[in-house]
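K.L.:
A predicted structure for the sequence below; I have some questions about it.
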Amino acid sequence: MTNPRTMKGRDGRPGLDENRTISEIRLQMSTPPSKSNACPKPFIEPTHKRTSFTPSLWKKSELFVGQLISFLISSFLLVIVVAWAGIDRLFHSIPRLWRPRTRQKYDWDDAMRKGREKVSTEVNLYAREVGLDIEDETTLTEDGFYLRMHRVINPNHKVDENGRGPFPILITHGLFQSSGCFITSEERSLAFWLSAQGYQVFMGNNRGVFDMGHREYDQTDPRFWDWTIREIALYDVPAMIDHVRQTTGYDKIGLIAHSQSAGATLIAMSKGMRPEIGDKLSTFIALAPAVYAGPLTDGWLFRTLGRLNWTWWCRIFGVLDFIPTMTLAYKYLPSATVFGAFGYTMFAFLFKWTDTNWLVRRKTKQFRFTPTPVSSASLYWWTGKDGFAQRRCTMDESFPQWFDERFPPLAIYYGGKDYLVNVEKLLARLSTKEKAVKVVRVEKLDLAEHCDFYYAADAVEWCFSSFVDVIEQTRPRIPT
């Protein structure tokens, strides 16, 4: 099957082939959610007030003033957090002047790469350095968002007697991240390594990432940013899965999802949402799935944000993307090293990440794709008043059963030093109440933190090989 061709939407952003009708596009999508939303569902709906924005002169003026004020406030707060994080990092690095940390050396690491690596936001650069390529593809969600899909092109792959390539795997990213997370570790990047094992690899990006647009709204319109994990689950996840299936000709594909994307996929497959997508997956590998809150969400940051109702949240953070200064820095800061240091320092401080298990020379590359744009409403759902951090779960725990028999074989990987999510509570729920879910593998990586499933220098040995075992154990063995 041919790939969707690129066009421009009304806002001038990439989209699908202009000559295809709306009915043709809809035929590619999963069953519309309206048919299943009538039944009770365990997902807890967002509490923010949906936008009633109309593009009148008065409303645009009101929006401009409000966004200007929130931009100044949020930028000021960001500067304080980064400065505080920098001081904290400096303070904790003082003891290392006397007792330097010994870094593990790896036989496979090319020391000549240190200091000579190219750092870019162009994903193709990283693929070509390892003899591969990445093709930009686009899919359209049912609610009108264009999503950037990245397809790894491997010249060694062959087609079978049915004209299809190897078995397809879709990888999706967490909050504030993108497909760039899976390509910055050279040959040992998750996407490239799986391609070398003989799989067709696709990487999906949520709405708003890589500057993708909407069929009707531009990015200065509050309606463009009026979404949370609910819309990612209802629209983005099904659109990405259907895109890979239709592009490759396979009825079932493998899915690897990290953090928010793993949580969104679980929400999507819950009752009353989009449980039919379970029939389209041969396996679902969930990495640090964001379902239950970890102890970190009891910290000062989450407690502070949890005091803000939607009105005050909008005054401080606006109604468009969350802290747009981060996006401006991503686009225009001339030094990748400075941006990488800024990104790592801030996220290490807020989320207690460390580079203990990473190859340090890769850190600038890894954080060249972090942070990416996220809607203000989405962050409010995670951290605001009555949000995830206070409820402690993405779904209603009193609901008797979240999933039905369509749920695909599930593998879960989580870190022993991940304090952002609590996976063991999810495992307890699965073992006691979710009898329809077949858990085929559970791996606790004692030394792993939240992002070490693809950032860690030892990720290949820790989990990549195990991923292949799960994929091969569950994939169809007859043409499908």
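P.N.:
Nice, thanks for sending it over.
K.L.:
where does residue 284 land in three-state SS?
P.N.:
Three-state assignment for residue 284 (DSSP: H, G, I helix; E, B strand; the rest coil): strand.
K.L.:
who's in contact with it?
P.N.:
For residue 284, the contact set (Cβ atoms under 8 Å, 6 or more residues apart in numbering) comprises 255, 257, 265, 269, 407, 408, 409, 410, 411. In this view, the C-beta of every residue, glycine as well, is placed from N, C-alpha and C.
K.L.:
go with 7 Å
P.N.:
255, 265, 408, 410 (Cβ atoms under 7 Å, 6 or more residues apart in numbering).
K.L.:
per-residue confidence at it?
P.N.:
pLDDT, residue 284: 98.
K.L.:
first-to-last residue distance for stretch 253-271?
P.N.:
End-to-end span of stretch 253-271 (Cα to Cα, to the nearest Å): 21 Å.
K.L.:
stretch 443-463 now?
P.N.:
For stretch 443-463, the end-to-end distance is 8 Å (Cα to Cα).
K.L.:
just the buried residues of that stretch, please?
P.N.:
443, 445, 448-460, 462-463 (16 or more other Cβ atoms under 10 Å).
K.L.:
of those residues, which belong to strands?
P.N.:
Taking DSSP state E as the definition of strands, these contribute 443, 445.
K.L.:
heading C-terminal from the least confident helix or strand in the chain by mean pLDDT, find the next helix or strand.
P.N.:
Using mean pLDDT, DSSP states H and E, helix 22-27 stands out as the lowest-scoring helix or strand of the chain, at a mean of 36. Sequence order places helix 57-93 as the next helix or strand after helix 22-27, per DSSP states H and E.
K.L.:
what distance separates that next one from the middle of the whole chain?
P.N.:
Between the centre of helix 57-93 and the centre of its chain there are 23 Å (Cα atoms, centre = their mean, to the nearest Å).
K.L.:
alpha carbons only: can I get the next helix or strand after it in PDB?
P.N.:
Once the chain leaves helix 57-93, the next helix or strand it forms, by DSSP H and E, is helix 123-128. The C-alpha coordinates for helix 123-128 follow below in PDB (Å, rounded to 0.1, in the frame of the first residue of the first chain):
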ATOM      1  CA  VAL A 123      15.800  13.000  12.500                       C
ATOM      2  CA  ASN A 124      17.200  11.900   9.100                       C
ATOM      3  CA  LEU A 125      20.700  12.900  10.200                       C
ATOM      4  CA  TYR A 126      20.800  10.200  13.000                       C
ATOM      5  CA  ALA A 127      19.500   7.500  10.700                       C
ATOM      6  CA  ARG A 128      22.000   8.200   7.900                       C
END
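K.L.:
so what does helix 123-128 touch, helix or strand wise?
P.N.:
When contacts are defined as 3 or more Cβ pairs under 7 Å, 6 or more residues apart in numbering; DSSP states H and E, helix 123-128 sits against strand 133-140.
K.L.:
the strand it packs on pairs with which strands?
P.N.:
Strands that pair with strand 133-140, judged by DSSP bridges, come out as strand 146-153 (antiparallel).
K.L.:
give me the residues contacting the strand it pairs with.
P.N.:
9, 13-15, 123, 127, 132-141, 179, 191-192, 195, 201-205, 207, 209-210, 212-214, 236, 239-240, 243.
K.L.:
and if we set it to 6 Å?
P.N.:
Here strand 146-153 makes contact (Cβ atoms under 6 Å, 6 or more residues apart in numbering) with 14-15, 123, 132-135, 137-140, 179, 191, 195, 201-205, 210, 212-213, 243.
K.L.:
just the buried ones from those residues, in ChimeraX syntax?
P.N.:
In ChimeraX syntax, the buried subset of these is picked out as below (16+ other Cβ under 10 Å):
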select :14,15,123,132,134,137,138,139,140,179,191,195,201,202,203,204,205,210,212,213,243
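K.L.:
spit out the contact partners of residue 210.
P.N.:
residue 148.
K.L.:
can I assume it sits in a helix?
P.N.:
Yes - according to three-state DSSP, residue 210 belongs to a helix.
K.L.:
distance of it relative to residue 175?
P.N.:
Relative to residue 175, residue 210 is positioned 16 Å away (criterion: Cβ to Cβ, to the nearest Å).
K.L.:
again, but for residue 384
P.N.:
Distance of residue 384 to residue 175, computed by Cβ to Cβ: 14 Å.
K.L.:
between those two, who's got more neighbours?
P.N.:
residue 384 (26 against 23; other Cβ atoms under 10 Å).
K.L.:
assign the nearest residue to residue 81 once chain neighbours are set aside to helix, strand or coil.
P.N.:
Leaving aside its sequence neighbours, residue 81 sits nearest to residue 346 (Cβ to Cβ, 6 or more residues apart in numbering; 6.4 Å). At residue 346 the chain is in helix, as set by three-state DSSP.
K.L.:
find the nearest non-adjacent residue to residue 220, please.
P.N.:
residue 320 (7.3 Å).
K.L.:
the one you found: how many residues sit nearby?
P.N.:
For residue 320, using other Cβ under 10 Å, the count is 23.
K.L.:
going forward, count from 849.
P.N.:
Done: numbering now begins at 849, and the last item shifts to residue 1168.
K.L.:
quick one: it and residue 1224, what's the gap?
P.N.:
Counting by Cβ to Cβ, the gap from residue 1168 to residue 1224 is 6 Å.
K.L.:
roughly how far apart are residue 1225 and residue 1021?
P.N.:
19 Å.
K.L.:
quick one: which of these two has more around it?
P.N.:
residue 1225 (28 against 25).
K.L.:
which SSE is the more buried one in?
P.N.:
Going by DSSP H and E, residue 1225 is part of helix 1224-1231.
K.L.:
show me the contact partners of that helix.
P.N.:
So helix 1224-1231 is contacted by 894, 896, 1074, 1076, 1150, 1153, 1161, 1165-1167, 1170, 1235-1237 (Cβ under 6 Å, 6+ apart).
K.L.:
same deal with stretch 1178-1189?
P.N.:
Everything outside stretch 1178-1189 that qualifies as a contact, by Cβ under 6 Å, 6+ apart, is 967, 1212, 1215, 1216.
K.L.:
let's see it at 10 Å
P.N.:
Residues outside stretch 1178-1189 that contact it (Cβ atoms under 10 Å, 6 or more residues apart in numbering): 930, 934, 937, 965-969, 1059, 1174, 1177, 1190-1191, 1210-1221.
K.L.:
okay, buried residues for it please.
P.N.:
Across stretch 1178-1189, burial judged by 16+ other Cβ under 10 Å covers 1178, 1184, 1187, 1188, 1189.
K.L.:
in a markdown table: those residues, plus distance to residue 999, secondary structure and pLDDT.
P.N.:
Listed next are the buried residues of stretch 1178-1189 as a markdown table, based on distance: Cβ to Cβ, whole Å; DSSP: H, G, I helix; E, B strand; the rest coil; pLDDT from 0 to 100:
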| residue | distance to residue 999 | secondary structure | pLDDT |
| --- | --- | --- | --- |
| 1178 | 23 | helix | 82 |
| 1184 | 25 | helix | 75 |
| 1187 | 26 | helix | 81 |
| 1188 | 26 | helix | 78 |
| 1189 | 31 | helix | 78 |
